[in-house]
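Student: need a 3D model of the following:
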Amino acid sequence: MTPSKKGFTVPLLKQGKVADDTFVRIGDEDPLPDQGDVIVGLSRWQADRDELTRHKGSLGVELAVGESPSEIEGDLAHFDVIALDFPAFSDGRAFSSARLLRERHGFQGEIRAVGDVELEQLHFMARVGFDSFLIESDDPEKDWTTAQADLDLWYQPTEDGHTTVRQKRRR
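Tutor: Predicted structure coming up:
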């Protein structure tokens, strides 16, 4: 679990279930631990790339709003997780970043939604490539089930495997 802005821990939701979060977010000025799974910001990655690639443990990078996946395109093989920040419910730029990572850049690792992640967004986040979520919720597994049951028709194609309405009509 990860600390939230409100001071309590936020569960990690993966594949609809609460999961252990082995990653620790390391700030730009924080010392890098000798081992363990870490997530760093883009500026830390750019400044300490050589040191981070030698780190003993899994590596992740967090892209803040306005930071493009193209800035790490050549480095994707180094990352087990890419965290994309939602600074506010109304800011959906991370949706585009997730889709670019999956469809254009072929990233196969974990894409994690962090920040202001809400129940109403879970379904759409999953459609564009997110597969883990830090969500402030009393019952995140129930929220996941609710979100996945909200819609059963899709108009826009994505890489999630769901058949669109247009494809169904052609059959």
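Student: which residues sit against the longest helix along the chain?
Tutor: Scanning the chain for the helix with the most residues, using DSSP state H, yields helix 42-53. Helix 42-53 is contacted from outside by 26-28, 32, 38, 40, 59, 61-64, 67, 71-72, 75, 78, using CB atoms under 8 Å, 6 or more residues apart in numbering. Bear in mind the C-beta positions are built from the backbone N, C-alpha and C, glycine included.
Student: buried set for that helix?
Tutor: Applying a neighbour-count criterion of 16 or more other CB atoms under 10 Å, one finds 42, 44-45, 52 buried in helix 42-53.
Student: hang on, the earlier thing: so which of the contacts of helix 42-53 belong to strands?
Tutor: Counting by DSSP state E, the part of the contacts of helix 42-53 found in strands is 26, 38, 40, 59, 61-63.
Student: turn those into CSV, including distance to Arg104, neighbour count and pLDDT.
Tutor: Putting the ones in strands among the contacts of helix 42-53 into CSV (distance: CB to CB, whole Å; neighbours: other CB atoms under 10 Å; pLDDT from 0 to 100) gives the following:
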residue, distance to Arg104, neighbour count, pLDDT
Ile26, 28, 21, 95
Val38, 26, 22, 97
Val40, 23, 25, 97
Leu59, 21, 19, 97
Val61, 17, 25, 98
Glu62, 20, 22, 97
Leu63, 15, 23, 97
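Student: out of those, who's nearest Arg170?
Tutor: Using CB to CB, Leu63 comes nearest to Arg170 of those, at 36.9 Å.
Student: any idea how far that closest one is from Val10?
Tutor: Computed as CB to CB, to the nearest Å, the Leu63 to Val10 distance reads 19 Å.
Student: Leu32 too?
Tutor: According to CB to CB, Leu32 and Val10 sit 23 Å apart.
Student: neighbour count: those two, which is higher?
Tutor: More neighbours surround Val10 than the other of Leu32 and Val10, with 20 against 15 (other CB atoms under 10 Å).
Student: and the pLDDT for the more buried one?
Tutor: Looking at Val10, its pLDDT reads 84.
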